[in-house]
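1. Provided below for reference: sequence and predicted model.
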Amino acid sequence: MSLIRINTEVKSLRRIVNRLIVRNTTAPISEDNVSSPPTDAELDTAFGTAASLPNGFVGLVDDAAGDTTIWLCYVVSDSWYYEQLTKAT
């Protein structure tokens, strides 16, 4: 995958997240125990396969319901992407 395509997809994801925030939309939260970082298979188990979800799907993983490691997960072009979130103190 080229850096240009990755950069374009990241910009697209930022727009999607911003729209969710503006609309005050909630995202599904999985409490599955996942690796760090989560694997494609683990995200498939948590939410369904990327190919079965709409482009722009966003979900959160609260790793093992621990309230310490949270993953922001999203689908673009039938693939999973993720970012680890940091808890505010």
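-> Okay, I see it. Residues are numbered from 1 along each chain as shown.

2. neighbouring contacts of the helix or strand harbouring D44?
-> Per DSSP states H and E: D44 is located in helix 40-47. For helix 40-47, contacts defined as CB atoms under 8 Å, 6 or more residues apart in numbering pick out 28, 30, 32, 34-35, 38, 50, 53, 57, 59, 61, 73, 80, 82. (Each C-beta comes from the backbone N, C-alpha and C, glycine too.)

3. Could you do stretch 61-81 as well?
-> Contacts of stretch 61-81 (CB under 8 Å, 6+ apart): 9, 12-13, 16-17, 29-34, 36-38, 40, 43-44, 46-47, 50-51, 53-60, 82-85, 87.

4. Any buried residues in it, and which?
-> Using 16 or more other CB atoms under 10 Å as the test for burial, stretch 61-81 gives 61-63, 69-76, 80-81.

5. Please narrow those residues to those residing in helices.
-> Among these, DSSP state H puts none in helices.

6. would you turn those residues into a markdown table with pLDDT?
-> Shown next, in a markdown table, are the buried residues of stretch 61-81 (pLDDT from 0 to 100):
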| residue | pLDDT |
| --- | --- |
| V61 | 97 |
| D62 | 96 |
| D63 | 94 |
| T69 | 93 |
| I70 | 95 |
| W71 | 96 |
| L72 | 95 |
| C73 | 97 |
| Y74 | 93 |
| V75 | 95 |
| V76 | 94 |
| W80 | 97 |
| Y81 | 96 |
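
7. Walking through the chain, point out its strands one by one.
-> Applying DSSP state E to the chain gives strands spanning 29-30, 58-62, 70-76, 79-85.
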